[in-house]
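In: can't give you the sequence, but here's the structure:
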Ligand SMILES: Nc1ncnc2c1ncn2[C@@H]1O[C@H](COP(=O)(O)OP(=O)(O)OP(=O)(O)O)[C@@H](O)[C@H]1O
Ligand SMILES: [Mg+2]
């Protein structure tokens, strides 16, 4: 049997652990025609959750636009046109929407692998400032029947466009008149999403409700893991499943990656136990070791000590006496400076409940090297 765990991709169907509460809350936004900005840590499951939650509400059609690594307005316009093409619409309707954007010389083709329609527009024409208005009109047009939900994923990558201020202002001015159309803006770079939606100088200031995608409920996730292993005639106890979730810091994608590695180091009929976790982690470390070693080699001894302290004592307050004592430092100022550097290196980030590692496997690796 193939490995039943999936990571590094959007998951659905059997590979998706139900998130009943979150799905219900997101659906309520769709029904209300409410715009939402959705944030959460990397690999926490934002894209999979939003795609699952919005499909199927009031016959909702999903226009999904991924802005990952766009570099120009032309890229943005082309991604919107592609999103419209994949919106599950009838051919005559798609052709009407395309006619509307004739200045961008749209053409329709079909994906060689899955046969889905693909609208392509002229890259040069799409760079002209007026083209943004045209593709935004395509979205307005497709949403006229009140059954469309529009998702912009990795929305913070709009900052990669040279004149992003103009682009954001134009997008906002078009979106604000579509009162009943729910727009979802997903992003994982918290301070950039904050800048778009919470900075009073941004055109999107307070224009959408905030929604945080956190960890999957531990009980639900552990039952999901048990069921997946069972499919391959392997057993795992709820306690071990919880230990796996904890080792991967509750990050959905990392949990599935660790489970996939556990699957690889065990065989049919096996009872997966705590003692299998180190071997599974080694599988993951083998893939990641070079990057981890490089990251650590760039740190000063003080920064490394703080990093190890964070891995060892995730629950201690970083400026509290107990934490300082545990890392053998007395100077809170030096800790603060080190934390800032660790954040600049994208190794840790601050949350309401303290500092967290950006990569849960890096934390596990630091932990192993520190003990
Ligand atoms: N509901 C879920 N049940 C089980 N695993 C999930 C679920 N949602 C996400 N995952 C796991 O997390 C991985 C990443 O999911 P997804 O791409 O949806 O997250 P994301 O937060 O959008 O990530 P990114 O920050 O990279 O955009 C998936 O490949 C899968 O392993
Ligand atoms: Mg995503």
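Out: Now that the structure is in, tell me what you want to look at. Quantities reported herein were computed from a predicted structural model and do not represent experimental measurements. Ligands and ions are numbered 1, 2, ... in the order given.
In: count the residues that sit near residue 148.
Out: Residue 148: 25 surrounding residues under other C-beta atoms under 10 Å. C-beta: built from backbone N, CA, C; applies to glycine.
In: please read the previous query as pertaining to residue 293.
Out: 11.
In: wait, a helix at it?
Out: Yes - per DSSP: H, G, I helix; E, B strand; the rest coil, residue 293 lies within a helix segment.
In: model confidence for it, exactly?
Out: What the model reports as pLDDT for residue 293 is 96.
In: how near is it to ligand 1?
Out: According to C-beta to the nearest ligand atom, to the nearest Å, residue 293 and ligand 1 sit 23 Å apart.
In: now residue 231
Out: On the measure of C-beta to the nearest ligand atom, residue 231 and ligand 1 end up 14 Å apart.
In: closest point of the stretch 101-250 of the chain to ligand 1, which residue?
Out: Nearest to ligand 1 in the stretch 101-250 of the chain, going by C-beta to the nearest ligand atom, is residue 188, at a distance of 4.1 Å.
In: after the helix or strand harbouring residue 37 comes which helix or strand?
Out: Element membership for residue 37, per DSSP states H and E: strand 36-39. Next helix or strand after strand 36-39 toward the C-terminus (DSSP H and E): helix 46-54.
In: what's the average pLDDT for that following helix?
Out: Mean predicted lDDT for helix 46-54 stands at 96.
In: does that helix reach ligand 1?
Out: Yes - contact of helix 46-54 with ligand 1 (C-beta under 6 Å from any ligand atom) involves 46-48.
In: now swap in stretch 153-171 and tell me
Out: No - against ligand 1, stretch 153-171 shows no contacts by C-beta under 6 Å from any ligand atom, the least distance being 6.6 Å.
In: ok, which residues in the stretch 1-150 of the chain are in contact with ligand 1?
Out: Taking C-beta under 6 Å from any ligand atom as the contact definition, the stretch 1-150 of the chain meets ligand 1 at 6-11, 16-17, 19, 40, 42-48.
In: what subset of these is buried?
Out: 6-7, 10-11, 16-17, 19, 40, 43-48 (16 or more other C-beta atoms under 10 Å).
In: of the residues you listed, which pair is most distant in space?
Out: 6 and 40 (18.5 Å; C-beta to C-beta).
In: can you count the residues close to residue 219?
Out: Burial measure for residue 219: 11 neighbouring residues, criterion other C-beta under 10 Å.
In: actually residue 294, not the one I typed
Out: Residues near residue 294, counting by other C-beta under 10 Å: 9.
In: cool, and residue 127?
Out: The burial count for residue 127: 14, using other C-beta under 10 Å.
In: so it is in contact with residue 71, correct?
Out: No - the pair residue 127 / residue 71 is not scored as a contact, 11.1 Å apart, by C-beta atoms under 8 Å.
In: which residues are in contact with residue 305?
Out: Residues counted as contacts of residue 305 (C-beta atoms under 8 Å, 6 or more residues apart in numbering) are 327-329, 338.
In: nearest to residue 230 among those residues?
Out: Nearest to residue 230 out of those is residue 327 (C-beta to C-beta; 42.5 Å).
In: residues in contact with that closest one?
Out: Residues near residue 327 by C-beta under 8 Å, 6+ apart: 305-306, 308-309, 335.
In: from ligand 1, how far out is it?
Out: 30 Å.
In: local confidence estimate at that residue?
Out: So residue 327 comes in at 92 (pLDDT).
In: give the residue farthest from the middle of the protein.
Out: Going by C-alpha atoms, centre = their mean, the residue of the chain most distant from its centre is residue 330, 37.6 Å out.
In: for that one, what are its contacts?
Out: Taking C-beta under 8 Å, 6+ apart as the test, what residue 330 contacts is residue 324.
In: then residue 269?
Out: Counting by C-beta under 8 Å, 6+ apart, residue 269 has contacts 233-234.
In: helix/strand/coil for it?
Out: Secondary structure of residue 269, per three-state DSSP, is coil.
In: how much space separates it from residue 48?
Out: As for residue 269, its distance to residue 48 is 31 Å (criterion: C-beta to C-beta, to the nearest Å).
In: so how far is the strand or helix carrying residue 94 off the chain centroid?
Out: For residue 94, the host element (DSSP H and E) is helix 91-100. Distance, stretch centre to chain centre, for helix 91-100: 32 Å (C-alpha atoms, centre = their mean, to the nearest Å).
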